[in-house]
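> Give me a 3D structure for the following:
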Amino acid sequence: MMKKKLYANAARIFANLMPCIRGGGGRVMRISEDFRELTVRLPLTWRTRNIVGTIFGGSLYASTDPFFMLMLREILGKDFVVWDKGCTIRFKRPAKETVFAEFRITDEMLATLRADLSEKGETTFTWPLEYRGQTGIVYVEFEKVLYVATKEVYDEKSRRRINRDRV
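Reported below is the predicted structural model:
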């Protein structure tokens with residue numbers, strides 16, 4: 001139990017050193033021991049403020065970019081390949097305060113993912129995410145597109161792609 005807590009805390013510290021997080025002004029505040037929950041805080045500061053006094057859009061995206069992928073890699077283990085494939089961002093209103101993103105991977109999300117993987121060996125899916133202020137106001141909505149495959153399926157696709165490109 002203590003080992004898992006230490007590992008999650010080490011992962012939080014490492015995440016906060018990543019250039020996309022550190023440079024964008026965001027901070028990972030918490031990672032649960034099972035890696036199913038993660039909280040990012042993005043304050044409005046001189047580093048994150050744009051020319052009109054709101055949080056820069058690049059900071060909003062950069063501070064959320066890798067986390068579903070990293071969480072799934074920890075949850076699923078080394079027998080799976082996980083990639084971020086895309087993201088749709090909807091700016092709902094200008095962020096003029098500190099905002100928070102709550103990443104959550106539920107049992108239902110994992111069950112759907114595992115069913116697709118057992119059936120096809122790979123899957124692409126979209127998970128929602130929001131940046132909210134302390135009062136609950138939604139400032140940004142994201143639709144994160146992720147790809148997950150078993151190592152076997154991914155390696156076979158990679159071999160076929162390499163052979164095709166050689167011709």
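
> So Thr123 lies in a helix, does it not?
No. Counting by DSSP: H, G, I helix; E, B strand; the rest coil, Thr123 falls outside a helix, being strand.

> which residues touch it?
With contacts defined as CB atoms under 8 Å, 6 or more residues apart in numbering, Thr123 is in contact with 113, 116-117, 147-149. For the C-beta atoms, the positions are set from N, CA and C on the backbone; glycine is no exception.

> From Phe103, how far out is it?
Distance, Thr123 to Phe103, by CB to CB, to the nearest Å: 19 Å.

> Leu146 now?
12 Å.

> For the residue nearest the centre of the chain, give me the backbone phi and psi.
Geometric centre of the chain, nearest residue: Phe67, 2.5 Å, by CA atoms, centre = their mean. Phe67 adopts backbone torsions of phi -80, psi -40, taken as degrees, to the nearest 10.

> who's in contact with it?
Going by CB under 8 Å, 6+ apart, Phe67 touches 15, 28, 38, 40, 103.

> For PyMOL, write the selection for the buried entries among those residues.
Only the buried entries of the contacts of Phe67 go into this PyMOL selection, using 16 or more other CB atoms under 10 Å:
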select buried, resi 15+28+38+40+103
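
> Quick one: the contacts of Phe67 as a markdown table, columns for pLDDT and secondary structure too.
Below are the contacts of Phe67 laid out as a markdown table (pLDDT from 0 to 100; DSSP: H, G, I helix; E, B strand; the rest coil):
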| residue | pLDDT | secondary structure |
| --- | --- | --- |
| Ala15 | 91 | helix |
| Val28 | 96 | strand |
| Leu38 | 97 | strand |
| Val40 | 97 | strand |
| Phe103 | 97 | strand |
